[in-house]
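Peer 1: here are the coordinates; sequence isn't available:
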């Protein structure tokens, strides 16, 4: 799960893909996950980090992360080998 | 350290499509309570999905409708359309408010009698009345609205066998300027069928002609269509007076008023575009008052509107079963209430709101029911907050037709509760059990065992 390194992400959750010219908005948790991906954190590290910080159990978050990964892929925001 | 509130991660692409002058509709406000009762509490106690009816809303909408007409016309009578919602609790609220009963089958007729309605205050409409039903309605002095010539001739025969003279009206269909024109029920005005039928009734001497009835259609968005209908019925009444010196007791404009629901394909919400009771009342009352009737001769105005009186009082509470993505990345959410409970989702864009607070993030969602059938879609596209499994949603304005046209299909039907004016909750129809479905079944002996 490697995010496209060219993306521009603002603190307020605005995301721009210079490769396609597309813009996106993400919610705070989504932005946090993208920041972790950009800093090279693994899937397991992201799960540990979010479940420690937020009121969510591991299984529920894993499910949501998988869904989020899927939509990042649909929007072509992940590296091609993903 | 206390953990922070969790919301699932969400990303949405910003599309610069064609701007809409109406903006994007978004269901922003949660519906946490209905008549002061928490949605979560109702679901915990009575299960999910759950039909909820508000007695307070039923009564206030009825009173608003009655006031709209009674302040404009001297003699007004509503007759509750049983087919719209024939739960006895609902019918009896309307009867307590003063409504007569309008029924369209022997089954509904029996139900009205069972609810304690004075048979003289039952209007028997519909295209399929049997000999026995006509005999019963005649002996009870109910008002029989004749739909076709076969029924008219049968009723003349019935009249020869009964002690009472049948009290009748004919159903008249006509061009009121709306499309499609409903000409399936009754006798046509323009081609003279209606006048022929009236002549037959008057010449037979066997029937007591009480009134004229029309049902111009359903979800009529133009109040003026009713003005046209009222004028045409008034013309027929004048012809009867001139030819037979017969004065009619009532004119029945039927039903068909639009509720505040939004039809599929509409640009603006129904609450903004559909005519109000005042607009319908103004059109109908003006047409009758401006017709040939002298003030003393004005007939009783009967209205059989159903949908517009009950839609607003009904809610379906439902629970999120799952979230998923379609192949395109589109969000889909599955809830436990489907089209088998919400028949009207085939033609309305029902308002759906969440029952708990949410952040400002919304996603375009397809909302599906729990049936293993492709058609089970409550909303093809709706902007909803980020829902989680076990969250609750409230589907609004479901009071009309769903509790009569629903079906037991794949799942058993749920509880129906009524919140009374004091905030007490009553189960008015219990959820179904397997025995309710299996009960009427009979198993041939050779099929009793499978091995």
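Peer 2: Arrived safely. If you're wondering where the values come from, they're calculated on a predicted model, not measured in any experiment.

Peer 1: Do you know the pLDDT at the nearest residue to residue A:69 once chain neighbours are set aside?
Peer 2: By the measure of Cβ to Cβ, 6 or more residues apart in numbering or on different chains, the closest residue to residue A:69 outside its immediate chain neighbours is residue A:1, 5.6 Å from it. The C-beta positions use only the backbone N, C-alpha and C, and glycine is treated the same way. As predicted, residue A:1 sits at a pLDDT of 73.

Peer 1: Over to residue A:7?
Peer 2: Note on residue A:7: pLDDT of 89.

Peer 1: For burial, what's the neighbour tally of it?
Peer 2: Using other Cβ atoms under 10 Å in any protein chain shown, residue A:7 is surrounded by 16 other residues.

Peer 1: OK, contacts around the residue nearest to residue A:69?
Peer 2: A:37, A:42, A:43, A:69, A:78, A:82 (Cβ atoms under 8 Å, 6 or more residues apart in numbering or on different chains).

Peer 1: Also residue B:385?
Peer 2: Listed by Cβ under 8 Å, 6+ apart, the contact set of residue B:385 reads B:354, B:358, B:359, B:361, B:362.

Peer 1: Spell out the secondary structure type for the second one.
Peer 2: Assigned state for residue B:358: coil (three-state reduction, DSSP: H, G, I helix; E, B strand; the rest coil).

Peer 1: Test my guess that it contacts residue B:32.
Peer 2: No: the pair residue B:358 / residue B:32 is not scored as a contact, 11.1 Å apart, by Cβ atoms under 8 Å.

Peer 1: So for the two, which sits in the more crowded spot?
Peer 2: residue B:358 (18 against 15).

Peer 1: So what sits opposite the residue nearest to the more buried one when sequence neighbours are not counted in the bridge?
Peer 2: Counting by Cβ to Cβ, 6+ apart, residue B:358 lies nearest to residue B:385, which is 3.5 Å off, once chain neighbours are set aside. Residue B:385 has these beta-bridge partners by DSSP bridges: residue B:362.

Peer 1: which residues in chain A form strands?
Peer 2: A:8-9, A:14-17, A:22-26 (DSSP state E).

Peer 1: just to revisit the earlier point, farthest pair in the contacts of residue B:385?
Peer 2: Pairwise distances across the contacts of residue B:385 (Cβ to Cβ) peak at 12.1 Å, for the pair B:354 and B:361.

Peer 1: who's more crowded, these two?
Peer 2: A direct count of neighbours by other Cβ under 10 Å for residue B:354 and residue B:361 places residue B:354 higher, at 22 against 19.

Peer 1: list the contacts for the nearest residue to that one once chain neighbours are set aside?
Peer 2: In space, and not counting its chain neighbours, residue B:354 is closest to residue B:30: 4.9 Å by Cβ to Cβ, 6+ apart. By Cβ under 8 Å, 6+ apart, the contact set of residue B:30 is B:353, B:354, B:355, B:356, B:357, B:358.

Peer 1: Then residue B:86?
Peer 2: When contacts are counted by Cβ under 8 Å, 6+ apart, residue B:86 touches B:108, B:111, B:403, B:404.

Peer 1: Can you tell me which of those lies closest to residue B:252?
Peer 2: Out of these, the member with the shortest distance to residue B:252 (by Cβ to Cβ) is residue B:108, at 16.6 Å.
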